[in-house]
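Asks: Sequence first, predicted model second:
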Amino acid sequence: MNSRPPQTSPRAPTIIELLDALVGLGHLKPLHRDEIAARAMQQRAHLQRQRLAARFHGAEAHEPTDAEVIASFHFPLATDASDHLDEDRVVEVQARMMGVPYAHIDPLKLSPDLITSTVSRPFARRHCVVPLESGDGTIRVAMADPFDETLVDELERITGRRVEALMASRKAIQKIITEVYGFQSSVTAAEEQVRGGSKGPAQPGVDLGNLEQYFRLKKVDEIEATDRHVVNAVEYLLHYAFDNRASDIHVEPRREEGVVRMRIDGVLHEVYRIPKVVLPAIVSRIKMMSRMDVAERRKPQDGRIKTAAGAAGGEGREVELRVSTLPAAFGEKIVLRIFDPEQILVDLPDLGMYPEELEAYERFIARPNGLLLVTGPTGSGKTTTLYSTLRAIATPQVNVVTIEDPIEMVVEEFNQVAVQHKIDVTFPTMLRTFLRQDPDIIMVGEIRDAETAEYAVQAALTGHLVLSTLHTNDSPSTIVRLRELGVDKFLVNSTLVGVVAQRLARKVCQNCKVEETLTADQVALLEIPMRGGRPPELKVARGEGCPRCRGTGLFGRTGIFEVLDVTDGVRRLVAEEADAASIARQARADGMRTLREVAVHKLAAGITSFNEVVRVTVQEESR
């Protein structure tokens, strides 16, 4: 079957027809359609003036398309006010109306080698094309205009293959061209430089006394204008991570090459492969940025970077990166953990608690003194909860001090201290010192031993609000854990105000969400009560998988919280040294919902999926 477009191109829909289709599909409100229709000509002229002005600075200029004009209004989606109508959605509808396949370009599934070896960057930019994949004598190409017969013929001549043209937004294609050609050319040039033995410019010395160094990431056009290849490659990687909501960047040495992987929504994705000779230079650049000893490769090191993320390159929001190196079998591995203030410092209602849990939690932190514990495994969102809590209660009238190992994110309003065992700066010693610093609120990164637990309880007992974390599976187990650490039961009853256990569950992708009904076996696994001896019919959401969620059916994450209020009934059981199961039963009688119950509630609301509920929660039979 020949997939090339027909010789006679179908008529492109007018902007009014396109707007009507967007309203019919639920993407746009009729009110917004009317406003765009009335202002389209004026907006098109405005965009054209912007393009002409940018052309003097070397940017490509073209006539604004209908999709670009519509997307430039940034109106919210009719079905989801938290998202807006972007160029990709408009072009997808346009492609459907014209009967041509649409390509939603997933950067993580592209082959940089295929793209750069097929067409040159100037050709790709000028014609707005990007190769997606090839096989069986064909090559699939994303194009802004798939009906350009001359261009299709030229691509077939260049590649020697039959071209299958797909339609994609101009913005998405140009973004991929910048990322792929920019990074690839930087790595290739760096490889040639390293193999040729040439030396780059000497880097200036840094003041190792500071905790972090601010680096301004260049804009894309600035990156392309420079020949500092390794610097460019690192900056492309950081931009790529910020644009794709990555929480971690892994730069890993292998036997024959280096691999870059990024963790997105809790899952690692391979992004790039790097020539082995370039990898040490990239690692050295990152170590220099994070104020590490570049010459030390035999032992692990830790460092920090502060930079900016956003379309403005160096003018967006500030982001912190915590950097860690590890000497591995094939060289140094480096991991960068990204701390975005927009993700870490959020308003308490945005954490994901239901109103009942939020009301109890706000009651805990309104106390002038006491001990509040947040518990959960690594990666469950405890840092976000604690930092957001501190920001909510830290005012000019209170003194907030923290002791952390390490400091997750530097916040100017807090007085933060990092653990340094070599000079005896530890959790217990700093807690003793804090009590002489007139604190109101104390945050202890983690209670790991009996001495830290003792001083945290003493601080809470003497009129301070103490926040900390423990590694336990649920809230009731935390109380038992305090007893195991040697804290007397009467001190637990006197100081502990509440415990919050939490997990992070991935959310169902709103772009490909479908409704389904749980089977009887699934209902039984979740231990949902029977109705009349039969399992209830519970309708839930599931993501079918789409390019936006990379085929996973999941996009973004939400918090699952188990909030335990230390009521009189719980205190009575603590005094009797009851086990965790007894405390859990009493807490549930007092209104606590378990992690599983909260997760099932979010499953029924269509927020998360059945598999995610099973993955992140553990149901105790003794409860």
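Replies: Perfect, thanks for sending it.

Asks: Quick one: residues contacting the most centrally placed residue in the chain.
Replies: Taking Cα atoms, centre = their mean, the centroid of the chain lies closest to Arg245, which sits 3.7 Å from it. Taking Cβ atoms under 8 Å, 6 or more residues apart in numbering, we find Arg245 in contact with Ile264, Asp265. Backbone N, C-alpha and C define where each C-beta goes, glycine included.

Asks: and the gap between it and Ser380?
Replies: 18 Å (Cβ to Cβ, to the nearest Å).

Asks: now for stretch 589-607, what's the gap between its first and last residues?
Replies: Stretch 589-607 has an end-to-end distance of 27 Å (Cα to Cα, to the nearest Å).

Asks: Val180 and Leu166: what is the separation?
Replies: Look at Val180 and Leu166: by Cβ to Cβ, they are 17 Å apart.

Asks: Please read the previous query as pertaining to Ala604.
Replies: 38 Å.

Asks: now Gln586
Replies: In terms of Cβ to Cβ, Gln586 sits 60 Å off from Leu166.

Asks: Just to check, Ala190 is in contact with Val231?
Replies: No. Counting by Cβ atoms under 8 Å, Ala190 does not reach Val231; the two are 9.3 Å apart.

Asks: out of those two, which sits in the more crowded spot?
Replies: Between Ala190 and Val231, Ala190 has the larger neighbour count (other Cβ atoms under 10 Å), namely 25 against 22.

Asks: tell me the phi and psi of the closest residue to that one other than its chain neighbours?
Replies: Spatial nearest neighbour of Ala190, excluding adjacent residues (Cβ to Cβ, 6 or more residues apart in numbering): His229 at 3.9 Å. For His229, the backbone dihedrals (degrees, to the nearest 10) come out as phi -70, psi -50.

Asks: burial count for His229?
Replies: Neighbours around His229, by other Cβ under 10 Å: 21.

Asks: now for the helix or strand where Pro122 lies, which elements pack on it?
Replies: In this structure, Pro122 is located in helix 121-127 according to DSSP states H and E. If contacts are counted by 3 or more Cβ pairs under 8 Å, 6 or more residues apart in numbering; DSSP states H and E, helix 121-127 sits against helix 170-196.

Asks: Of Val180 and Leu166, give the one with the bigger neighbour count.
Replies: Between Val180 and Leu166, Val180 has the larger neighbour count (other Cβ under 10 Å), namely 25 against 19.

Asks: And the residue nearest to the centre of the chain, what's its pLDDT?
Replies: Arg245 carries a pLDDT value of 85.

Asks: and if you look at the one 5 residues further on?
Replies: pLDDT for His250: 97.

Asks: Could you verify my assumption that it touches Arg263?
Replies: Yes. Under the criterion of Cβ under 8 Å, His250 makes contact with Arg263 at 7.5 Å.

Asks: average model confidence for the helix holding Pro122?
Replies: 89.

Asks: Name the next helix or strand downstream of that helix, please.
Replies: Assigned by DSSP H and E, the successor of helix 121-127 is strand 129-135.

Asks: what sits up against that following strand?
Replies: 103, 105, 110-111, 114-115, 118-119, 123-124, 139-144, 151, 155, 159, 161, 166, 168, 173, 176-177, 180.

Asks: That strand pairs with which strands, and in what direction?
Replies: strand 138-143 (antiparallel) (DSSP bridges).

Asks: and the strand it pairs with, what's its mean pLDDT?
Replies: 93.

Asks: same check, this time on stretch 448-464
Replies: 92.

Asks: cool, stretch 301-316 as well?
Replies: 71.

Asks: Quick check: which ranges of the protein have low pLDDT?
Replies: For the chain, the stretches with pLDDT under 70 are 1-9, 53-61, 185, 195-227, 310-316, 530-533, 618-623.

Asks: Can you give me the domain assignment for it?
Replies: Following automatic domain parsing, one gets these domains for the chain: 1-100, 200-265+287-339, 345-504+559-594.

Asks: Check the contacts of strand 129-135 for burial and list the buried ones.
Replies: 103, 105, 110, 115, 118-119, 124, 139-144, 151, 155, 159, 161, 166, 168, 173, 176-177, 180 (16 or more other Cβ atoms under 10 Å).

Asks: does Leu491 count as helix, strand or coil?
Replies: Secondary structure, DSSP: H, G, I helix; E, B strand; the rest coil: Leu491 is helix.

Asks: Hmm, it is touching Leu461, no?
Replies: Yes. Counting by Cβ under 8 Å, Leu491 does reach Leu461; the two are 6.8 Å apart.

Asks: quick one, which of the two is more surrounded?
Replies: Leu491 (18 against 15).

Asks: Distance of that one relative to Asp424?
Replies: Distance from Leu491 to Asp424, by Cβ to Cβ: 26 Å.

Asks: same thing with Gly99?
Replies: 73 Å.

Asks: swap in His239?
Replies: 41 Å.

Asks: Neighbour count: those two, which is higher?
Replies: Set side by side, His239 and Asp424 show more neighbours around His239, with 23 against 9, by other Cβ under 10 Å.

Asks: Helix or strand: which one has the more buried one?
Replies: helix 229-243.

Asks: other SSEs contacting that helix?
Replies: Packing partners of helix 229-243 (3+ Cβ pairs under 8 Å, 6+ apart): helix 170-196, helix 220-224, strand 246-253, strand 257-264, helix 279-289, strand 301-309, strand 331-339.

Asks: and Phe434, how many neighbours?
Replies: 23.

Asks: isn't it right next to Thr402, touching?
Replies: No. Applying Cβ under 8 Å, one finds Phe434 not in contact with Thr402, separated by 9.2 Å.

Asks: Need the overlap of contacts for these two.
Replies: Common neighbours of Phe434 and Thr402 (Cβ under 8 Å, 6+ apart) are Ile442.

Asks: Following element in sequence after the helix or strand where Ala505 lies, please.
Replies: Under the criterion of DSSP H and E, Ala505 resides in strand 496-508. Next helix or strand after strand 496-508 toward the C-terminus (DSSP H and E): strand 513-517.

Asks: Direction included, what does that next one pair against?
Replies: strand 539-543 (antiparallel).

Asks: List the buried residues in the partner strand.
Replies: In strand 539-543, counting by 16+ other Cβ under 10 Å, buried: Val540, Ala541, Arg542, Gly543.

Asks: repeat for stretch 263-272
Replies: Arg263, Ile264, Asp265, His269, Val271, Tyr272.

Asks: Can you say which two of these are spatially most distant?
Replies: Pairwise distances across the buried residues of stretch 263-272 peak at 19.3 Å for Asp265 and Tyr272 (criterion: Cβ to Cβ).

Asks: Run a quick neighbour tally on the closest residue in space to Gly303 that isn't next to it in sequence.
Replies: Closest residue in space to Gly303, ignoring its immediate chain neighbours: Ser290 at 3.0 Å, by Cβ to Cβ, 6+ apart. Look at Ser290: counted by other Cβ under 10 Å, it has 24 neighbours.

Asks: before we move on, what about Pro122?
Replies: So Pro122, with other Cβ under 10 Å, has 9 neighbours.

Asks: With the one 10 residues further on instead?
Replies: Under the neighbour criterion other Cβ under 10 Å, Leu132 is assigned a count of 20.

Asks: Now for Ser582: which residues touch it?
Replies: Leu573.

Asks: where do the strands sit along the stretch 351-500 of the chain?
Replies: 370-375, 400-404, 415-418, 441-444, 465-470, 496-508 (DSSP state E, counting those that start in this stretch).
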